[in-house]
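# here is my input, please return the structure:
(2 chains)
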There are 2 protein chains.
Amino acid sequence: MSIQALIFDVFGTCVDWRNGVAQVTEAEFKRRDISVNTIEFATYWRSRYVPAMANVRNGQRGYIALDELHYENLIETLEYFAIADLFSESDSRQLARAWEQLPPWPDVVEGLTELRKFTLIAPCSNGSIALMSHLARFAKLPWDAILGADIARNYKPEPAVYQASVLALRLKPENVMMVAAHNDDLHAARASGLKTAFVARPTEHGPAQSTDLVAESDWDILAVNFNDLVEKLKYRL
Amino acid sequence: MSIQALIFDVFGTCVDWRNGVAQVTEAEFKRRDISVNTIEFATYWRSRYVPAMANVRNGQRGYIALDELHYENLIETLEYFAIADLFSESDSRQLARAWEQLPPWPDVVEGLTELRKFTLIAPCSNGSIALMSHLARFAKLPWDAILGADIARNYKPEPAVYQASVLALRLKPENVMMVAAHNDDLHAARASGLKTAFVARPTEHGPAQSTDLVAESDWDILAVNFNDLVEKLKYRL
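Numbering: from 1, shown residues only, chains lettered A, B, ... in the order given. Predicted coordinates for the structure are as follows:
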């Protein structure tokens, strides 16, 4: 197995979007005396994510950066909680950038820094180049490049996203490993010929999470966190 | 002037391609007892760069990554110096990657590291994402993202390259500054609405350089090197 680059899912795999979005929202809600539970708010907001991308993936809508979908989904979420009229458009645009301010899981910065000594690392996320670069600055993720949705102008798990990322690296798919906490992401990556590593994130969706608790296929690497990933990969890079 | 991102020309502006290519070539030539002058070799190789991109820019040829053009130009250069039969295809492919191993000018790493504290920084080069990310690893250039030719699928100074880079950052052109040692690059960036900074690199083409010694227009910033650029920008970022 000759791996020449590692590409990573980001939301859920590298960063804790649930607590991160709730934290940023908390500050905004306090200033406005809004008593909505911010974890419920983050969860509802996130629930609009897959359906919003579906319209791009099925071609009903041209490619539009995830930042815009996050903004549209935020408006729906504010309406759902009946607090939309407390936010101006500019306030909402600002709050939508909560997704640029997410904390990394505790093992991520150390793990990526170590992996980067051995190989090229890049996100292959549905986040745009702008979103991923701001998030990387916030969370100190030491990427070599930003790949993913923007360069493919489509969303995972469409094959185009993995393929455009591999193409941008000028590598063969079998020399690139996709790292994700989501089995469907890895299924799609494998279908395009990439190697796969599953890193469990059992509290991404909170303590009652019931999905993606375990590997659902024989992924090339199974790791409990990024430190474990380093141990399992470093003699092969 | 509100600058929210700085984008950089790389070959010549950030790194010394002439001495860098000569150095990598020197090692390969020694192993083969080739006595060609490597500065002349680098200069001839580089002279094929603009004509090779012209065919893409004028639409005669679809977009092809600069790595491939460098390879094709290397073959022509080896033929010009009558040493092509001393290199297998795999040797030539390896030597073509000399452009990933170029030393930064002495002020660059410190300057970029300082600028990055204040704002987002990214290359806007004709180099591909692969080439730019390998070069960044070699020269320790701390980019937040890789923009430029690959995301536009065209070459500078085509407007599409500056525009696609600004679009990827989700900024307005007037909030992005192009930094380059080449007046034509800045003319094209300004024509697309970007701010401009000229950093002189008077020995990019060697001691007898006669072009780009001075700013040929009223660029927003004139700097003698990246440390000077930091001083002139840091209170405005």
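
# and the pLDDT at residue A:188?
We note a pLDDT of 98 for residue A:188 in this prediction.

# do the same with the one 4 residues further on
As predicted, residue A:192 sits at a pLDDT of 98.

# go ahead and confirm it touches residue A:172.
No - the pair residue A:192 and residue A:172 fails to qualify as a contact (CB atoms under 8 Å) at a distance of 11.1 Å. C-beta: built from backbone N, CA, C; applies to glycine.

# who has more neighbours, those two?
When residue A:192 and residue A:172 are compared for neighbours, residue A:192 comes out ahead with 18 against 12, by other CB atoms under 10 Å in any protein chain shown.

# leaving out the residues flanking it, which one is nearest to that one?
The spatial neighbour of residue A:192 that comes closest, neighbours along the chain excluded (CB to CB, 6 or more residues apart in numbering or on different chains), is residue A:162 at 4.3 Å.

# what residues does chain A have near chain B?
Taking CB under 8 Å from any CB of the partner chain as the criterion, chain A approaches chain B at residues A:65, A:67, A:120, A:122, A:128-130, A:132-134, A:136-137, A:144-147, A:150-151, A:168-171.

# of the residues you listed, which belong to strands?
A:120, A:122, A:147 (DSSP state E).

# got the contact list for the helix or strand bottoming out on mean pLDDT in chain A?
Considering only helices and strands, the least confidently modelled element of chain A by mean pLDDT, DSSP states H and E is helix A:49-57, at a mean of 94. Applying CB atoms under 8 Å, 6 or more residues apart in numbering or on different chains, the external contacts of helix A:49-57 come out as A:61-64, A:66, A:69-70, A:72-73, A:126, A:154-155, A:158.

# among those, which are in helices?
In this view, the contacts of helix A:49-57 that belong to helices under DSSP state H are A:66, A:69-70, A:72-73.

# show the pLDDT at residue A:1.
Residue A:1 is assigned a predicted lDDT (pLDDT) of 64.

# so, low pLDDT: which residues of chain A?
Screening chain A residue by residue with the criterion pLDDT under 70, one finds the ranges A:1.

# sec struct for the residue of chain A most remote from its centre, please.
What lies farthest from the middle of chain A is residue A:33; by CA atoms, centre = their mean that is 30.5 Å. Three states are possible here, and by DSSP: H, G, I helix; E, B strand; the rest coil the one that applies to residue A:33 is coil.

# report the separation between it and residue B:5.
When CB to CB, to the nearest Å is applied, the distance between residue A:33 and residue B:5 equals 36 Å.

# and residue A:232, how many residues sit next to it?
Residue A:232 is flanked by 15 other residues according to other CB under 10 Å.

# and it, what element?
When elements are assigned from DSSP states H and E, residue A:232 belongs to helix A:226-233.

# so how far is that helix off the chain centroid?
For helix A:226-233, the separation from the chain centroid amounts to 20 Å (computed by CA atoms, centre = their mean, to the nearest Å).

# go on, stretch A:51-67?
The chain centroid and the centroid of stretch A:51-67 are separated by 16 Å, computed with CA atoms, centre = their mean.

# what comes up buried for that stretch?
The neighbour-count criterion (16 or more other CB atoms under 10 Å in any protein chain shown) identifies A:52-53, A:56-57, A:64-67 as the buried residues of stretch A:51-67.

# just say helix, strand or coil for the closest residue to residue A:121 other than its chain neighbours.
Closest residue to residue A:121 in three dimensions, ignoring its sequence neighbours and counting by CB to CB, 6+ apart: residue A:6, at 5.0 Å. Using three-state DSSP as the criterion, the local structure at residue A:6 reads strand.

# pull up the gap between residue A:6 and residue A:180, please.
Counting by CB to CB, the separation of residue A:6 from residue A:180 is 11 Å.

# which residues do the two both contact?
By the contact definition CB under 8 Å, 6+ apart, residue A:6 and residue A:180 are jointly contacted by residue A:197.

# excluding chain neighbours, what is closest to residue A:96?
The spatial neighbour of residue A:96 that comes closest, neighbours along the chain excluded (CB to CB, 6+ apart), is residue A:71 at 4.2 Å.

# my guess is the one you found meets residue A:94, correct?
No - in terms of CB under 8 Å, residue A:71 does not count as a neighbour of residue A:94; the distance is 10.2 Å.

# who has more neighbours, those two?
Counted by other CB under 10 Å, residue A:71 and residue A:94 do not tie: residue A:71 has more neighbours, with 17 against 13.

# so who does the more buried one touch?
Residue A:71 neighbours (CB under 8 Å, 6+ apart): A:92-93, A:96.

# domains for chain A, by residue range?
Residue ranges for the domains of chain A, per automatic domain parsing: A:5-16+A:102-233, A:17-100.
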